[in-house]
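[1] sharing a sequence plus its predicted fold:
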Amino acid sequence: MSRILIVEDESIIRAALRRLLEKNNYNIDDAASVDEAASQFNLDSFDLIISDLRLPGAPGTDLIKLANTVPVLIMTSYASMKSAVDAMKMGAVDYIAKPFNHEDMLSTIASILIQQPVEQHSVNTESATQRTEITGKCDAMLSLFSRISKVARTDATVLVLGESGTGKELVARAIHEQSSRAKAPMISVNCAAIPESLIESELFGHEKGSFTGADNSRCGLIEAADNGTLFLDEIGELPLEAQARLLRFLQEGEIRKVGSIQSIKVNVRLIAATHRNLKELARAAQFREDLYYRLYVMELNMPPLRERGQDIIMLAERFLISACSRMNCPETILSDSSRQVMLQYSWPGNVRELENAIERAVILADNHFITPDLLGLDIETRPSLQQLESDYIEQSTTRETTTSHLSKKSSPAGLSMDDYFQRFVIEHQNEMNETDLAKKLGVSRKCLWERRQKLGIPKRPKG
Ligand SMILES: Nc1ncnc2c1ncn2[C@@H]1O[C@H](COP(=O)(O)OP(=O)(O)OP(=O)(O)O)[C@@H](O)[C@H]1O
């Protein structure tokens, strides 16, 4: 059972939080100030400290140093980015604005605890500061966290599946950090980035003279990961010969350097990742089926960003805080329309794309607001179409008499997007050309043409 210390001076909030957490099977202690917490408890013995920012005496952020490697979650009554940025800069693991709802508090705690190394109290400060933080509170991410903590306790081979930029490497790192191998290295290899002719020697090492250019014998990356974890990204790109060697390593726990006749025992846990469908590659004889089944012991699926709902905003705010603090920028916030756009965009490049979009926006921002144009997203239109739709509904309700040829009975609020599109085009095509119509709808001319075909909207007769 995880031990949590609550540091909060308002006794009503302290007691309510205590009740909530105890009901959810956490072992709770509490204190009313930093002084009381430090004098009454061994702070190192907790799995998490939740502290109010403003307390009588020292601020809650003082606990970050005092508690060493124990994560500190800061509660702030002032939902200002400024205090959140400052707390995060000082090393708080996360922040939560008061008043918070129970669900938010519980999912924040769960996602922090799940990311702690198993032997957290014995890891040194250096590895503690490198702790991997995976942000996410949606159901898919919470179930991912729970699977991570289960597989981390084992030595099973893990296959992480997901689109590019969804955080596969981050997950591999979290598994490694939570495993008993955390103190040994995790070696990451992107199979797609190493030339085919070199990959075997990179992974398994080679003997001097085993091929042209092999002037010295060299140890491979698998050997370098001994007692730790090997993360093979884009494993679908591994050439067939290297796959055969990898299979032998998985079956026998031994590797043989290129050009050597001797095998060496190694103790390495393998985590592999791919955005490709390995089963189909195996069917097409581009991936060994026996290797596929060896890798398939435990599979983790990364949800694409577009399916993570409000996590998109949470991630954006995280990236905003860290970009602002990295670039020494003043407090900057996301405008409401940016949030809308981000929730509607499809994010083909997933979290990596979001991170880059925020960084770009921070660089370009002239004031304290991140507006949609600064994000530079290639949005076809949905937001502007929706915006237009709601503007139209607003206008329609205030001008009941101007229903023109549209039926007065049908309520604009009940329109589907297609209905709305159709109406808008029919109503305005007499006074607008195709370019202007497309512009007003926020779509490309090609998209307007395609929708005309799909919805059977005739063009107005010429002349
Ligand atoms: N849930 C998350 N919370 C915080 N940062 C994240 C999260 N997911 C991804 N990132 C960040 O997004 C970037 C891309 O993540 P990562 O490299 O792990 O993705 P990937 O799926 O391995 O991508 P690829 O398949 O292209 O190698 C990294 O900077 C990572 O730190």
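    In hand now; what should we look at? Residues are numbered from 1 along each chain as shown.
[2] residues of the stretch 301-450 of the chain that sit close to the ligand?
    Among all residues of the stretch 301-450 of the chain, those adjacent to the ligand (criterion: C-beta under 6 Å from any ligand atom) are Leu315, Val351, Arg352, Glu355. The way it works is simple: take the backbone N, C-alpha and C, and place the C-beta from them, glycine included.
[3] and the second one, what helix or strand is that in?
    To tie it back to what came earlier, the one meant is Val351. Assigned by DSSP states H and E, Val351 belongs to helix 350-364.
[4] counting contacts, what elements does whatever helix or strand comes next after that helix pack onto?
    Next helix or strand after helix 350-364 toward the C-terminus (DSSP H and E): strand 369-370. Counting contacts by 3 or more C-beta pairs under 8 Å, 6 or more residues apart in numbering; DSSP states H and E, strand 369-370 packs against strand 333-334, helix 350-364.
[5] can you name the residue of the protein nearest to the ligand?
    For the chain and the ligand, the shortest gap (C-beta to the nearest ligand atom) falls at Gly167, measuring 2.7 Å.
[6] so what are the domain limits for this structure?
    As recorded under automatic domain parsing, the domains making up the chain are 3-114, 139-301, 305-375, 400-455.
[7] in CSV: the ones you listed, plus mean pLDDT and mean neighbour count.
    Shown next, in CSV, are the domains of the chain (pLDDT from 0 to 100; neighbours: other C-beta atoms under 10 Å):
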stretch, mean pLDDT, mean neighbour count
domain 3-114, 86, 18
domain 139-301, 90, 18
domain 305-375, 91, 17
domain 400-455, 64, 14
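[8] so which of these gets nearest Glu133?
    Smallest distance to Glu133 across those (C-beta to C-beta): 7.3 Å, for domain 3-114.
[9] can the closest one be found next to the ligand?
    No - using C-beta under 6 Å from any ligand atom, domain 3-114 stays clear of the ligand, coming no nearer than 9.4 Å.
[10] shift numbering so it begins at 34
    Taking 34 as the first residue, the last one we looked at is domain 36-147.
[11] now Ile297: how far from Glu256?
    Using C-beta to C-beta, to the nearest Å, one gets 7 Å for the distance from Ile297 to Glu256.
[12] joint contacts of those two?
    Ile288 (C-beta atoms under 8 Å, 6 or more residues apart in numbering).
[13] about what we covered before: contacting residues for the residue of the chain closest to the ligand?
    Contacts for Gly200 (C-beta under 8 Å, 6+ apart) come out as Ile167, Met335, Asn383, Val384.
[14] pull the most distant pair out of these.
    Ile167 and Asn383 (13.1 Å).
[15] quick one on the thing from earlier: got a markdown table for the helices and strands packed on strand 402-403, with distance to Thr404 too?
    Listed next are those as a markdown table, based on distance: least, C-beta to C-beta, whole Å:
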| stretch | distance to Thr404 |
| --- | --- |
| strand 366-367 | 9 |
| helix 383-397 | 8 |
